[in-house]
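Colleague: Starting from these lines, generate the structure:
(one chain, ligands or ions: 1)
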Amino acid sequence: MTTLLPAWTDDEGARRARDLLTRTFGPGEARVWSAPGRVNLIGEHTDYNAGLCLPVALPHRTVVAVRPRRDRTVRLVSAQEDGTRIVDLDDVRPGAVAGWPAYVVGVAWALVAEGLVPRERATGFDVAVDSCVPYGAGLSSSAALECAAAIALDELWGLGLAGDDAGRTRLAAVCVRAENEIAGAPTGGMDQSASLRSRRGHALLLDCRDGATRHVPFDLAAAGLELLVIDTRAPHALVDGQYAARRESCETAARELGVASLREVTDLPAALDALDDPLVRRRVRHVVTEIDRVERFVDLLDGGPPAGPRLGALGTLMAASHASLRDDYEVSAPELDLAVDTAVAAGAHGARMTGGGFGGSAIALLDAGHAGRVAAAVTDSFTAAGFAEPVFLLAPAGGPAARLG
Ligand code: GLA
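Modeller: Take a look at the predicted model:
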């Protein structure tokens, strides 16, 4: 029987992280924060083109238990990784920190680099990390870790930024800087905004041109629906060259077209005519049509709970998004295509890959109660194709990064 990966309750997450901290670094006071992973409903590879995207926070979260120190040392342990790590905050710089600790100490570094905390107030800490966000699944486990670290340090260092959306917007920018410069992944800003700025029961319409957001009601249970996430377990890495290459093509195209970003393209046929390279033309077509699909998706959601023809139209947009990512942007994978096709054949109203692609996860919009059946169909198709066994979770829209205790 197919099982769904459960999300932890806040109490369970807090207990796990606290226990790990105590087991590793000894007893003492600790405070706990958590931040969610995300799925994106539509609007893929648009964030670094100043476009629109529509993520929802997962109920699955990364938890950090933190204890302040007086020196400049950070000691880290993660339930998902072997051993403990020690980093001196004075040694953090681009290229200097290997592996997962970069997401934590990178945030500490970026808070100072952004001028949000004076260096003398940025003291060290002990931190224990635990997470039920699947790792390397395109569900933003790295952003969840950065954002949990960001709100923890915000409070530990008395910055007061997490209290309102303007402050959280600055924290999101800090996390992006940590990821780009210290972890070395040239990602856009969608994941960090989703993790820090979402609202429970809502999707986050994020305009990456100016960082503006709108909370779009997305109460699937009330509409008799559910969102199934299919983690294909196909290897997925953003630090490799493919993501960077896509980003570079878009930047080159914008330069050739004489616009600040592809968001500014208003006449797609004219823009395509003006570009020589057929590959770049396809990349641009994806980005521009995808931004338009986000607008149409949100219009449909604004029209009321998804039902009847509006639900069908949402599914059509999801299918068009997937096809565009597969054919024009070339970031899908055989596992993602099979997951999407099988989910739709098994009765999903719509399905598409979500996140950066090259492996990772797909989403499927289903009638409530159908997840087990669709998951079983996807598992069977994966077995028949000789793929690894997929993992499934449900994604009712969760809340943003928060203090747990
Ligand atoms: C990854 C990146 C995001 C975004 C998506 C694609 O998740 O981290 O910034 O570019 O890919 O939409």
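
Colleague: out of everything not next to it in sequence, what's closest to residue 378?
Modeller: Distances taken as Cβ to Cβ, 6 or more residues apart in numbering put residue 342 closest to residue 378, at 4.9 Å, once the chain neighbours are dropped. The C-beta positions use only the backbone N, C-alpha and C, and glycine is treated the same way.

Colleague: Could you report the neighbour count for that neighbour?
Modeller: Using other Cβ atoms under 10 Å as the criterion, residue 342 is surrounded by 24 other residues.

Colleague: May I have the secondary structure class of it?
Modeller: In terms of secondary structure, residue 342 is helix; the call rests on DSSP: H, G, I helix; E, B strand; the rest coil.

Colleague: now whatever helix or strand residue 351 lives in: mean pLDDT?
Modeller: Per DSSP states H and E: residue 351 is located in strand 350-354. On average, the pLDDT along strand 350-354 is 98.

Colleague: helices or strands next to that strand in the packing?
Modeller: For strand 350-354, the elements it packs on are helix 308-327, helix 334-345, strand 361-367, judged by 3 or more Cβ pairs under 8 Å, 6 or more residues apart in numbering; DSSP states H and E.

Colleague: could you check whether it is close to the ligand?
Modeller: No - where contact is defined by Cβ under 6 Å from any ligand atom, no part of strand 350-354 touches the ligand; the two come within 8.2 Å at best.

Colleague: Give me the residues contacting that strand.
Modeller: Strand 350-354 has contacts (Cβ atoms under 8 Å, 6 or more residues apart in numbering) with 39-42, 44, 138, 229, 314-319, 321-322, 325-326, 331-333, 336, 339-340, 343-344, 360-365.

Colleague: and what of stretch 80-94?
Modeller: 24, 72-77, 97, 99-101, 105-106, 108-109, 122, 124, 129-131, 135, 181-182, 184.

Colleague: Narrow the contacts of strand 350-354 to just the buried residues.
Modeller: Taking 16 or more other Cβ atoms under 10 Å as the criterion, what is buried in the contacts of strand 350-354 is 39-42, 44, 138, 229, 314-315, 317-319, 321-322, 325-326, 331-333, 336, 339-340, 343-344, 360-365.

Colleague: which of the residues you listed come close to the ligand?
Modeller: Among the buried ones among the contacts of strand 350-354, the ones lying close to the ligand by the criterion of Cβ under 6 Å from any ligand atom are 40, 44.

Colleague: how far away is the closest residue to the ligand within the stretch 1-150 of the chain from residue 126?
Modeller: Using Cβ to the nearest ligand atom, residue 44 is the residue of the stretch 1-150 of the chain that sits closest to the ligand, at 4.0 Å. In this structure, residue 44 and residue 126 are 37 Å apart, going by Cβ to Cβ, to the nearest Å.

Colleague: Next up, the contacts around the residue nearest to residue 378.
Modeller: Listed by Cβ under 8 Å, 6+ apart, the contact set of residue 342 reads 374, 377-378, 381.

Colleague: can you map out the strands along the stretch 151-300 of the chain?
Modeller: 202-207, 212-217, 225-231 (DSSP state E, counting those that start in this stretch).

Colleague: can I get those in CSV with mean pLDDT and distance to residue 309?
Modeller: Converted to CSV, the strands of the stretch 151-300 of the chain look like this (pLDDT from 0 to 100; distance: least, Cβ to Cβ, whole Å):
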stretch, mean pLDDT, distance to residue 309
strand 202-207, 98, 20
strand 212-217, 98, 19
strand 225-231, 98, 15
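
Colleague: quick one: which of the contacts of stretch 80-94 sit in strands?
Modeller: Taking DSSP state E, the ones among these that sit in strands are 73-77, 129-131.

Colleague: residues from the protein in reach of the ligand?
Modeller: Counting by Cβ under 6 Å from any ligand atom, the chain comes close to the ligand at 40, 44-45, 47-48, 187-188, 190-191, 238, 355-356.

Colleague: change it to 8 Å
Modeller: Contact residues (Cβ under 8 Å from any ligand atom) of the chain with the ligand: 40, 43-48, 53, 138, 140, 142-143, 179, 185, 187-191, 238, 243, 355-357.

Colleague: measure the residue of the stretch 1-150 of the chain closest to the ligand to residue 102 for me?
Modeller: When Cβ to Cβ is the yardstick, residue 44 and residue 102 sit 25 Å from each other.

Colleague: tell me the contacts of residue 60?
Modeller: Going by Cβ under 8 Å, 6+ apart, residue 60 touches 5, 7-8, 36-37, 131-134, 139, 393, 398.

Colleague: If we use 6 Å, what do you get?
Modeller: Residues counted as contacts of residue 60 (Cβ atoms under 6 Å, 6 or more residues apart in numbering) are 7, 37, 132-133.

Colleague: Three-state assignment for it, please.
Modeller: Secondary structure of residue 60, reduced to three states by three-state DSSP: strand.

Colleague: Could you give the backbone dihedrals for the closest residue in space to residue 388 that isn't next to it in sequence?
Modeller: Closest residue to residue 388 in three dimensions, ignoring its sequence neighbours and counting by Cβ to Cβ, 6+ apart: residue 233, at 4.2 Å. Dihedral pair for residue 233: phi 60, psi 10, per degrees, to the nearest 10.

Colleague: And residue 233, what's its pLDDT?
Modeller: 95.

Colleague: With residue 1 instead?
Modeller: 63.

Colleague: and if you look at the one 4 residues further on?
Modeller: Confidence per residue is given as pLDDT, and for residue 5 that number is 97.

Colleague: Just to check, it is in contact with residue 393?
Modeller: Yes - assessed by Cβ atoms under 6 Å, residue 5 is found in contact with residue 393 at 4.3 Å.
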